[in-house]
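Q: Just need the structure, nothing else, for what follows:
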Amino acid sequence: MDERKLLDRITINPQIFGGKPIVRGRRLAVEHVLGMLAAGDSPETILEGYPWLEREDIQACLVYARRIIGHERVEPLVLDDTGT
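A: Numbers count the residues shown, from 1 in each chain. Purely as a prediction, here's the structure:
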């Protein structure tokens, strides 16, 4: 499945979680899925906990996160000779 189709699985609804990105209009935030993966949960464990969830939904969360992070830039803090 290409990235565009995967990203179509991520929706934003101001009425759910204050407009945070969610999976297919359901009350499951992308942030929560990423948190479970970061905590070491396997995709299989996540799928068992959310029977309606599909493997492509988890992949969509990862693609969404990569797209967001891909636009971040960190600017180094440059101090002058006086340390300010």
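Q: What's the separation between Cys61 and Val74?
A: In this view, Cys61 and Val74 are 23 Å apart by Cβ to Cβ, to the nearest Å. All C-beta atoms are positioned from the backbone trio N, CA, C, and that covers glycine.
Q: How about Thr82?
A: For Thr82, the distance to Val74 (Cβ to Cβ) stands at 24 Å.
Q: Poorly predicted segments of the protein, please.
A: Scanning the chain for pLDDT under 70 picks out 83-84.
Q: Break down it into its helices, ranges please.
A: With helices called from DSSP state H, the chain shows them at 3-7, 30-38, 43-49, 55-69.
Q: Adding mean neighbour count and distance to Gly19, write these out as JSON lines.
A: JSON lines is the format used below for the helices of the chain (neighbours: other Cβ atoms under 10 Å; distance: least, Cβ to Cβ, whole Å):
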{"stretch": "helix 3-7", "mean neighbour count": "13", "distance to Gly19": "17"}
{"stretch": "helix 30-38", "mean neighbour count": "17", "distance to Gly19": "12"}
{"stretch": "helix 43-49", "mean neighbour count": "13", "distance to Gly19": "23"}
{"stretch": "helix 55-69", "mean neighbour count": "17", "distance to Gly19": "14"}
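Q: I'd like the ones you listed as TSV, with distance to Pro21 appended.
A: Formatted as TSV, the helices of the chain follow (distance: least, Cβ to Cβ, whole Å):
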stretch	distance to Pro21
helix 3-7	10
helix 30-38	4
helix 43-49	16
helix 55-69	6
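Q: doesn't Lys20 make contact with Glu31?
A: Yes: using Cβ atoms under 8 Å, Glu31 is in contact with Lys20, at 6.3 Å.
Q: Could you say which one of the helices of the chain comes nearest to Pro14?
A: Evaluated with Cβ to Cβ, the helices of the chain place helix 30-38 nearest to Pro14, the distance being 15.4 Å.
Q: packing partners for that closest one?
A: Under the contact criterion of 3 or more Cβ pairs under 8 Å, 6 or more residues apart in numbering; DSSP states H and E, helix 30-38 touches strand 21-23, helix 43-49, helix 55-69.
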